[in-house]
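In: below are the sequence and a predicted model for it; my questions follow.
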Amino acid sequence: MPVLPAENLDTTKAGSRRAGVSALDGLGRLQAPQYPSNPPPDFPIHINEDESSVTAAAGVSQRLLLDYLANFKSSKASNGYTLGAFSWFVDQTIGGAVATGTHGSSFKFNSLSSQLLALDVVLANGTLTTFTKASYPHLWKALQISVGRLGIITQLTLRIIPQQAVQRSQAQLSDAQFAQQIKLTQDAYTSALDGGNQSLVVAALAQLDETQVFWFVPTQNAWRVDYQKLDPSAVAANSSLSSEAANTTQAGGSNPSQSADTVSAMDGPSAPDVHQQVALPAQAPNPALAGNARWWSNFYANLAQQTVAPGVFMDRQAYLSQTDSQSKQMQNMDPYDQYEVSVPLNIAGDCLQMVVNEASSKNLGDGFRVPVLIRFIGDEQAYLANAHGGPRMFVNMEDHVSRQTGQPNHPFLQMVGLFRDKCQARLHWGKAGWPEFASCFDGATEYPDSWCDFGCAVQELDPCSKFESMSNVWQWNATKGASPVDFASCCGSDGFSTDCQCVSRGTC
């Protein structure tokens, strides 16, 4: 395995394959260069148009990366570039987003981890290695979503696509109506699978491709948002291109400017060194959030209206993501916990109908303030991918009550429990809920086809468990011929041996 000395672990610098210091503003945030098409060598984002890729330092935020791509104008991409799919919350680092399988809603592009082309990782032995699918096929599937268990990501390369105009539409439904729509898609999907008709499978999935939904549990309403890509000729003839998208499209020319959102987040005097870590006091509880659930649901609905408004936008503005102002408002509002579960698509409709009925009959909406966000992604090959084994419905839920009251939010927890107990739901890596709903996590049961393959990657890259966390999740056991064996004896260059059986951890 070729390695380089890991001399620079600062993941906000230009990266492990290029040395240098990035330009920062007075708050220690990265500044986009004046000419995105010709960045200075120390800037930690580099686009390779010939390979349709972007390489970024792991510490770059997803928001900065997306805005940089959107403002990169060239003869090959007159409207800039974007990622195939990206998440709602875009203020986490791109390295952390990839390591935990962060996602948007797409059956074509799936999560950010599925859009990876290369990773630079500092390993437990202190060396730095560049991984690609071609060079390390087994380890690649482990590193695509590693949750920090295999090393420290310093730099990564992702596939990019040219931006184009997108028609965004919105439908307001009752939650029961939306659950029925998912049930119809589920039935079409399972019927196509059972019949072995791949074209019908694709057609069934197309019903939910890129669909995103806000579910307002207290008021039993759902906002379904769908998208349609527009070809260039349609855009040229379409005078309804939203001003927000038009401004982004035109923010270029020979001297491309930053978007208004980027400028507002980055202006100020320059700073001479890498990102400064500033200690801030913890957000104090906000007792008001413990109040009427329906009032708060309507409050957040008003905030979200502009985000989902129908219209024609460029990709960066079309697909749902939290704006910079929304992000700042949320982080200064109250402390909260974010949970997310994923449900196999072949039972997603049945599951959602059951949960909607339970929420209505047992007033589970009392535990919710902000809308639940529902999205869909396809089968992924990464060993720890939530969607490993088939497409899934992802349900993101936030508890804005327990941190204000100091007491358990029972209606909220009851809903999460329904997904876990009744819907074969997996918990999202890096989010809340593990102590409550996976205190005795059994990877061999939850990830039966890939858990021990990931364990073999751990054996190869971190045999002394330098990157093992305090969690009790990381346990692997194997048998051979029904007899227990040393797990490492079942590992090879291709992962877990077919001569062995990946078995449950047993009682905790």
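Out: That came in fine, so what should we check first?

In: contacts, neighbours, all on C-alpha from now
Out: Fine.

In: now the strands: where do they sit in the stretch 351-500 of the chain?
Out: Ranges of strands in the stretch 351-500 of the chain, per DSSP state E, counting those that start in this stretch, are 372-377, 392-399, 426-427, 477-480, 483-485, 491-492, 495-496.

In: make a markdown table from these and add distance to Asp67 to it.
Out: A markdown table is the format used below for those (distance: least, C-alpha to C-alpha, whole Å):
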| stretch | distance to Asp67 |
| --- | --- |
| strand 372-377 | 22 |
| strand 392-399 | 24 |
| strand 426-427 | 30 |
| strand 477-480 | 45 |
| strand 483-485 | 51 |
| strand 491-492 | 42 |
| strand 495-496 | 38 |
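
In: with mean pLDDT added, can I get the ones you listed in a markdown table?
Out: A markdown table is the format used below for those (pLDDT from 0 to 100):
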| stretch | mean pLDDT |
| --- | --- |
| strand 372-377 | 98 |
| strand 392-399 | 98 |
| strand 426-427 | 98 |
| strand 477-480 | 97 |
| strand 483-485 | 97 |
| strand 491-492 | 97 |
| strand 495-496 | 98 |
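
In: so where's the protein uncertain?
Out: Applying pLDDT under 70 to the chain flags the ranges 1-39, 232-277.

In: how is it divided into domains?
Out: Domains of the chain are assigned by automatic domain parsing as 4-161, 164-240+257-262+285-433, 444-503.

In: contacting residues for the residue nearest the centre of the chain?
Out: Centroid-nearest residue in the chain, with C-alpha atoms, centre = their mean: Thr102, separated by 1.7 Å. Applying C-alpha atoms under 8 Å, 6 or more residues apart in numbering to Thr102 gives the contacts Phe86, Ser87, Ser111, Leu112, Ser113.

In: which of those sits closest to Thr130?
Out: Distance to Thr130 across these (C-alpha to C-alpha) is lowest for Ser113, with 15.6 Å.

In: about what we covered before: okay if I get the domains of the chain as TSV plus distance to Ala279?
Out: What follows is the domains of the chain, written out as TSV (distance: least, C-alpha to C-alpha, whole Å):
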stretch	distance to Ala279
domain 4-161	12
domain 164-240+257-262+285-433	15
domain 444-503	23
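
In: these: which one's closest to Val278?
Out: Across those, closest to Val278 is domain 4-161 (C-alpha to C-alpha), at 9.0 Å.

In: and the closest one, how far out from the chain's middle?
Out: Taking the mean of its C-alpha atoms, domain 4-161 sits 14 Å from the chain's own mean (C-alpha atoms, centre = their mean, to the nearest Å).

In: then stretch 402-416?
Out: Distance, centroid of stretch 402-416 to centroid of chain: 24 Å (C-alpha atoms, centre = their mean).

In: excluding residues flanking it in the chain, which one is nearest Trp215?
Out: Distances taken as C-alpha to C-alpha, 6 or more residues apart in numbering place Ala222 nearest to Trp215, at 4.4 Å, with adjacent residues excluded.

In: got the angle between the helix or strand where the one you found lies and strand 372-377?
Out: Element membership for Ala222, per DSSP states H and E: strand 221-229. Using axes from the mean of the first three to the mean of the last three C-alpha atoms, to 10 degrees, the inter-axis angle of strand 221-229 relative to strand 372-377 is 30 degrees.

In: list the buried residues of strand 221-229.
Out: Neighbour-count burial for strand 221-229 flags Asn221, Ala222, Trp223, Arg224, Val225, Asp226, Tyr227, Lys229 (criterion: 16 or more other C-alpha atoms under 10 Å).
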